[in-house]
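A.B. asks: Take this sequence and fold it.
(2 chains)
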There are 2 protein chains.
Amino acid sequence: MSKYVYFFGPQGTEGDATMKNLLGGKGANLAEMAKLNLPVPAGFTISTEFCTAFFAEGRKFPQSLRDEVATALRKTEEAMGMKFGDAENPLLLSCRSGARASMPGMMETVLNVGLCSKTIPGLVKKSGNERFVYDAYRRLIMMYSDVVMEKAEDIEPADGKGVRVQLEHLMANAKKNKAKALGKAPKDVSDTDLDTADLKRLCTSFKKKVQEVLGHEFPDDPQEQLWGAVGAVFKSWEGRRAVSYRKIEGIPADWGTACNVQSMVFGNLGNTSATGVAFSRNPATGENKFYGEWLVNAQGEDVVAGIRTPNPLNEGTKNSQNQHLPSLQTEWPDLYKQLDDIRANLEKHYRDMQDIEFTIQEGKLYMLQCRVGKRTGTAALNMAMDMIGEGLIDEQTAVMRVQPAQLDELLHPIINPAAEKAAEAFLTGLPAGPGGAAGKIVFTSADAVAAAKRGEKVILVREETNPEDVEGMRAAEGILTARGGMTSHAALVARGWGKCCIVGAGDMKIEMAAKRMSVGDVKLKEGDLITLNGTKGRVYQGALAMIDATENPRFQGFMKLVDKFRTLGVRTNADTPQDATVARQFGAEGIGLFRTEHMFYGVGSDEPLFFLRKMILSKTVEERKTALSELFPFVKQSMKGTLEAMDGLPVTMRLLDPPLHEFVPQDANRQKELAAALGIRPFDIKKRGESLHETNPMMGHRGVRLGVTYPEVTEMQLRAMFEAASELKKAGKSPKPELMVPVTCGVKELDVTKVIFDRVKKEVEQQQGVTIDCLYGTMIEIPRACLTADAMAKTAQFFSFGTNDLTQMCFGFSRDDIGGFLPDYLDQNILPADPFQTIDQSGVGQLIQTAVSKGRGTRGDLKIGICGEQGGDPASVEFCFRTGLNYVSCSPYRVPIARLAAAQAAIKAKK
Amino acid sequence: MSKYVYFFGPQGTEGDATMKNLLGGKGANLAEMAKLNLPVPAGFTISTEFCTAFFAEGRKFPQSLRDEVATALRKTEEAMGMKFGDAENPLLLSCRSGARASMPGMMETVLNVGLCSKTIPGLVKKSGNERFVYDAYRRLIMMYSDVVMEKAEDIEPADGKGVRVQLEHLMANAKKNKAKALGKAPKDVSDTDLDTADLKRLCTSFKKKVQEVLGHEFPDDPQEQLWGAVGAVFKSWEGRRAVSYRKIEGIPADWGTACNVQSMVFGNLGNTSATGVAFSRNPATGENKFYGEWLVNAQGEDVVAGIRTPNPLNEGTKNSQNQHLPSLQTEWPDLYKQLDDIRANLEKHYRDMQDIEFTIQEGKLYMLQCRVGKRTGTAALNMAMDMIGEGLIDEQTAVMRVQPAQLDELLHPIINPAAEKAAEAFLTGLPAGPGGAAGKIVFTSADAVAAAKRGEKVILVREETNPEDVEGMRAAEGILTARGGMTSHAALVARGWGKCCIVGAGDMKIEMAAKRMSVGDVKLKEGDLITLNGTKGRVYQGALAMIDATENPRFQGFMKLVDKFRTLGVRTNADTPQDATVARQFGAEGIGLFRTEHMFYGVGSDEPLFFLRKMILSKTVEERKTALSELFPFVKQSMKGTLEAMDGLPVTMRLLDPPLHEFVPQDANRQKELAAALGIRPFDIKKRGESLHETNPMMGHRGVRLGVTYPEVTEMQLRAMFEAASELKKAGKSPKPELMVPVTCGVKELDVTKVIFDRVKKEVEQQQGVTIDCLYGTMIEIPRACLTADAMAKTAQFFSFGTNDLTQMCFGFSRDDIGGFLPDYLDQNILPADPFQTIDQSGVGQLIQTAVSKGRGTRGDLKIGICGEQGGDPASVEFCFRTGLNYVSCSPYRVPIARLAAAQAAIKAKK
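C.D. replies: A predicted model of the protein is given here:
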């Protein structure tokens, strides 16, 4: 029989922090804390292995598990000196999920398990607080009926018909009645105004309603409650929210969650009890200051849920929203001191920033959880650099501490300070996710998703966010909520993504139904523009100007460290001197892809496109040559500018790639205009467009195939490149052009093109009186090119993988057309990820590996790179490193990300 | 130094018949004949290796070659007792091409080399025939100036400006003058009417014209003539005609040609001289009778060129065209006897039918050439079967003797005898290529090619054909010429391809310029329909009905023999009971590809398409299910019919493959009609069509991807298949369905579909009370499927390679769009062949091999087939055999071809 249950507590903890995969993050850390003799309430963890078995075996509990649980429960009872289900001295339990990776709020928790008609009197007697017991009981009924009896049974009630909503109605009614009795306005009555009798009545009506709504009685047996809760926790792994989150975060379904069953301690046992969450350093900025929030007389969920604005943990945590509230540091300095010592111990022990949950029960501190804390990219980078200085970690570890994607936020725009100075904030809130964001207001997650699909930038404005909002938060540029603290759902999720976010902007009134909001006199509606400063928590009307945040010295220092470990080259895909310059500032070591055709796509002058069209519409080779000679100076100028911007670094120039029909106007008016300019009939243009039309243009007459049929087009481009390089060289520069032939499927295409290359090179060299060094290579983007790479490398001096097209051909997926089925493929888990975002290592990866080994077999020093869009994806960068590529090439803004991913890959490989 | 020159003659022949690759077919056989002591004029062969060196070294002759030639020439002079360039006793030489594979008329020949002012007097004295000498001289000048001085120098004169045409003008003028002098009509004057003085004058004016047209004097030095001729022969290997022919026949460019330099003997030395060509058996029917043609007082070219209708060799060769002409058998019985003995010796020696060229010089027989004779498919099959009976060859050899593609002609249509009986031939000619053909008249090769591209069937009608017509002959359904014999160019080429052909239909008058022809009162013009009976040489007006020629017992016997050696299975691609039945008659062992969608392509009832469209236009799953249930009975009926026709044999049924937009009408009127029938707005149809439109449909929403998004469509097809099979089983039949999932790129698509497969199977089995055996497999047509075949084989019980799509994806070639560049690729030798005709073994082949080895690694008994169109291509069949496939599947008419190719592959592998 497998061992599935691991005890933690004073009499021999069975797990530790290294066992995350088996016990989940929470369980492993509870065990580790218990081992460190921190005050952890005893309990046990049912492992992730059981989760997998549970789903494999039809969601059943085998007897062996029941036996293991009984043993561990006995030890827990001993540790706490109480007994589960005992009438005199009853132990209550919590059941919490805990996966390998943190999934905040995505899975279920049930608290106060074990309260029932048998145990209630004992607990009342023992606590001397009947009201607390019935408050706990009504919480149990509400949570259990919702989580265990409804959600875990896959019951999907109609809107407003869910058991929780109906119980909340009863609760609201009770408060309304109380208000009447107290002569108060209903809004001024809080939960704490309900007295013991009210709560007793409420528990009775709750149980009646549960029976009515769900057709079952609320269970009165502690064991039944326990197993129901454990089952619900495991089932929540396959719940809709968890599955959706996993998809976004790339967490595999087979990891599973663990279930942590732990003795309850109560932060809501009166005014000497409290609960809180804290970070050992500031998770938004990385500052080395203890940072947290707490609430008196509350359960842990109250802090995280963002329903009440929590108190600051200490002076350092105070801000404009909470400065009037009491801090733990001043209220209970001894307990604060104890917690601060634990914080220091934990950081020293884990050598990383910790996210802590604690409860104070009648003046005694308990640690409920510690785990590595989520942080913004800025915080991650700052902490990593600080911790080197503090001697906590070494440089390699520091490099590993920042996720490549997190750098994104450091590169992302902030509001132009000048523009911000001139503007006045109409609303402030908590700075939960740094950076700036501007966009149109939307009020629902669905609207945010829809707008993003239309390509619109939006700010998601919510009362508070909940796990159902995850996709909308992803889609929005920024998030603004009226409620919640720095550890609320919105704040945690936004920081995880490095997204601009402001929470707890309490002055904002939202009318959901009308899709309107107001702040004092300012009235805004859906679609109105606002701008967030997520670093300062300020909200402005209109869209303020943004600037890039590239000149951060801390960032520069970190990137220097990164390059110390990096061996893989990083280039950029850039078609203009401007892009080349930006990429160079970001550390690009050359251009991996310069697209000649860029100049025809409506950027700058119209003339190049006009001459290109003239060339396409030529009827004879002679006419074509004339048009080409008119086009020539533009192509040369474009190449020269980029070569100059990248002076001294290699620039891979790709021959014309797209099919010609892309350049023939489709629209009748445009055809007419063009015809007039060219002195031909519109009919000729229409005709030519039709004759160029292709059924599957992606696999049509493009790339090298154009050069085979129109060698004069290739010749013009080569002459432009060689002349540009010669002129720069004569001006004392060091141009390093590399010629790349696209869409090749065999070596003979390269041979045919090489003849032109050699001839034109010689001609230009003679004419200009200089020699030009220029590698001759090919884009590898057709499966057959990979399969015949041994032959290709006879002529090619370098390969550059065009992973976009290679993915299209390898899968038979047209990137333009996958919208019809790819979402289904991801939903049904047929593919683990969009292969256009991250290299499909099991399929496309094989082709790449084949090409690398065959190519290098022929030419040992073959230079190999990648210039598809996946070149900036960290997992793909790691794959490229492992496969022995020389460099990756990506868009300018992804260059730092690729550099970091490459360094991390090198460090991982050393281990 | 390599040895390039090989002597043949009485004093030690250096080559033999096994050295074909080195000496070419002609050279190897000349050597072999010399070794057999046959009367071969002495000479030597410059090897094919030299041809390769010649082109590699810039078309130059190294000194070492000149030395070797000098030595061999000395030996030749000794053997013949004459001296090259000698004033008294001059030896003349012929220079002929000769490649490894026969390329009739595609390369150059120069005769009478060595005639010049120095040697003419001696030859006049020796032969006592001054007219003969000047006739030979004018032939030399014409041939040499054309072949060596113009063509070999890559001079491309304008139409009518070529040197040959201009010399022919002079010749025609000379004849016109002669006619005046003789008082005859010009058309009644022949070459032989020109006397010595005329010819002398002609030679003088020829030489003047050569100087005028080409700017060089006609060379008067025998050595210069010899080297010019040798160079021209080699250069003709890269000539336009040869290159075009090689492309069609798939002959590699690097084989090269040899050059045979041989002592001249003269068939035109007066009325005791003659020349002829013969086959040791009838090349059209295979009948074991000596068969040939000859001409008195002529050179060899005269017979082959088809300018004069030649005499029959013997009684057996007489036909309606030549029965009035004298046969060699009756004219010169001794010589005939000697030739007939040689024929018997050669057949016994070579154990195959021989194609012989001979010359009789003043009563003495010389053998100029022997080689394996080309034959029709019918002849090949009959000879093979006969030769087994005669003990000449064994069964394996017999199977190897018929080229798979040749079977095509045995399977191709003949004119329906009833229709032919009712019709009256308006023209007769020689039956040069068997079978029937009907089509529109075209008069030029270019028109034939253009019409074939438009998909029109045409008959190419020519005065006589020449090598320039090759592509048009290929494109035409049949060929009809006014002149030429059974061994003329048209006849040889047509028979090589098994194409219907009638030659020497002398009653036909053609007006080329007007594109008209007439036979007596019958006037026809371009585009008019005619029908050829190539087996009988009869031509009919209009298009007569055709029937298939499948029930030939000789053919059946041969195919039985074939199957004795074959191990690879052969199935067919068939979508209807009719196709299935035909294929079964041709020996198909099952269906490798049944396309569900066939029924929607306008065959039979419109109803299935209507319901399919209704399904596509459904807005809800419910509407879609209703439409599917209406479609269901049609799908079931279609499957049932085919399963029944293939009863007892496996039928691979493919799930719906094409993208749905293919079925939505594009045309506004059709949309209107459909909308009315469905009770929806035409706008909805247009809209749906647009929403289904794809940029690259080949890589879009199709195949299994449809099933992933619309599982109910898959379910309907599966239910139809299982119900059809159940019903047949209950009726005592043995249906063997196999389910094939198309366009898969990973195993999870198979897993998702398998869930539906298993469920529906169980449901139908329970409902119908029978069990159904049905393999579950997948089409492998996406590169990624090949690369992940190990995983695919976990679920798939069989693979079937869809080589059409696999080729598209592997090359990135859209089959619909390759017209823009594939011709250039073939012309420029970038690809050796169209990969959609024959499997690209170096690229696509690797994917196939990978899939086979990975798939079998997972599942040892994985059944593997191929169902792409290359399944009927002999080279591809051999590849499939070598790669270990279980079967190939091809169109019904290619089944026998695939069977033969498979047997030949097995025999080759044994060797």
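A.B. asks: In chain A, which helix is the longest?
C.D. replies: Identified as the longest helix of chain A according to DSSP state H is helix A:621-645.
A.B. asks: Would you mark the buried spots in that helix?
C.D. replies: If you call a residue buried by 16 or more other C-beta atoms under 10 Å in any protein chain shown, then helix A:621-645 has these buried ones: A:624-625, A:627-628, A:630-632, A:634-636, A:638-640, A:642-645. For the C-beta atoms, the positions are set from N, CA and C on the backbone; glycine is no exception.
A.B. asks: Tell me where the stretch 251-400 of chain A has strands.
C.D. replies: Using DSSP state E, counting those that start in this stretch, the strands of the stretch 251-400 of chain A run over residues A:257-263, A:274-279, A:291-296, A:311-312, A:354-361, A:364-372.
A.B. asks: Quick check: next helix or strand after the longest helix of chain A?
C.D. replies: Next helix or strand after helix A:621-645 toward the C-terminus (DSSP states H and E): strand A:650-654.
A.B. asks: Counting by contacts, list what that next one packs against.
C.D. replies: strand A:591-595, helix A:621-645, strand A:736-741, strand A:775-780 (3 or more C-beta pairs under 8 Å, 6 or more residues apart in numbering or on different chains; DSSP states H and E).
A.B. asks: 6 Å instead?
C.D. replies: Of the remaining helices and strands, those touching strand A:650-654 by 3 or more C-beta pairs under 6 Å, 6 or more residues apart in numbering or on different chains; DSSP states H and E are strand A:591-595, strand A:736-741.
A.B. asks: Select, out of these, the one closest to A:Val5.
C.D. replies: Nearest to A:Val5, of all the helices and strands packed on strand A:650-654, is strand A:591-595, at 53.0 Å by C-beta to C-beta.
A.B. asks: the inter-axis angle of that closest one versus strand A:775-780?
C.D. replies: 70 degrees (axes from the mean of the first three to the mean of the last three C-alpha atoms, to 10 degrees).
A.B. asks: following strand A:591-595, which helix or strand shows up next?
C.D. replies: Per DSSP H and E, the first helix or strand lying C-terminal to strand A:591-595 is helix A:607-616.
A.B. asks: Please spell out the segments of the stretch 301-450 of chain A that come in under the pLDDT threshold.
C.D. replies: In the predicted model, the stretch 301-450 of chain A carries pLDDT under 70 at residues A:304-307, A:320, A:412.
A.B. asks: again, only this time at 90
C.D. replies: Low-confidence segments of the stretch 301-450 of chain A (pLDDT under 90): A:301-310, A:315-324, A:362, A:368-372, A:374-378, A:405-423, A:429-435, A:449.
A.B. asks: hey, where'd the helices end up in it?
C.D. replies: Applying DSSP state H, counting those that start in this stretch to the stretch 301-450 of chain A gives helices spanning A:328-331, A:333-350, A:377-389, A:395-401, A:404-411, A:417-422, A:445-453.
A.B. asks: Let me have these in CSV, extended by mean neighbour count and distance to chain B.
C.D. replies: Below are those laid out as CSV (neighbours: other C-beta atoms under 10 Å in any protein chain shown; distance: least, C-beta to the nearest C-beta, whole Å):
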stretch, mean neighbour count, distance to chain B
helix A:328-331, 17, 51
helix A:333-350, 16, 38
helix A:377-389, 22, 34
helix A:395-401, 19, 31
helix A:404-411, 23, 26
helix A:417-422, 13, 40
helix A:445-453, 19, 15
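A.B. asks: next one: the longest helix of chain A to chain centre, how far?
C.D. replies: On the basis of C-alpha atoms, centre = their mean, to the nearest Å, helix A:621-645 sits 43 Å off its chain's mean C-alpha point.
A.B. asks: In terms of secondary structure, what does it contact?
C.D. replies: Right, helix A:621-645 is packed against helix A:577-585, helix A:607-616, helix A:711-730 by 3+ C-beta pairs under 6 Å, 6+ apart.
A.B. asks: Noted, bye for now.
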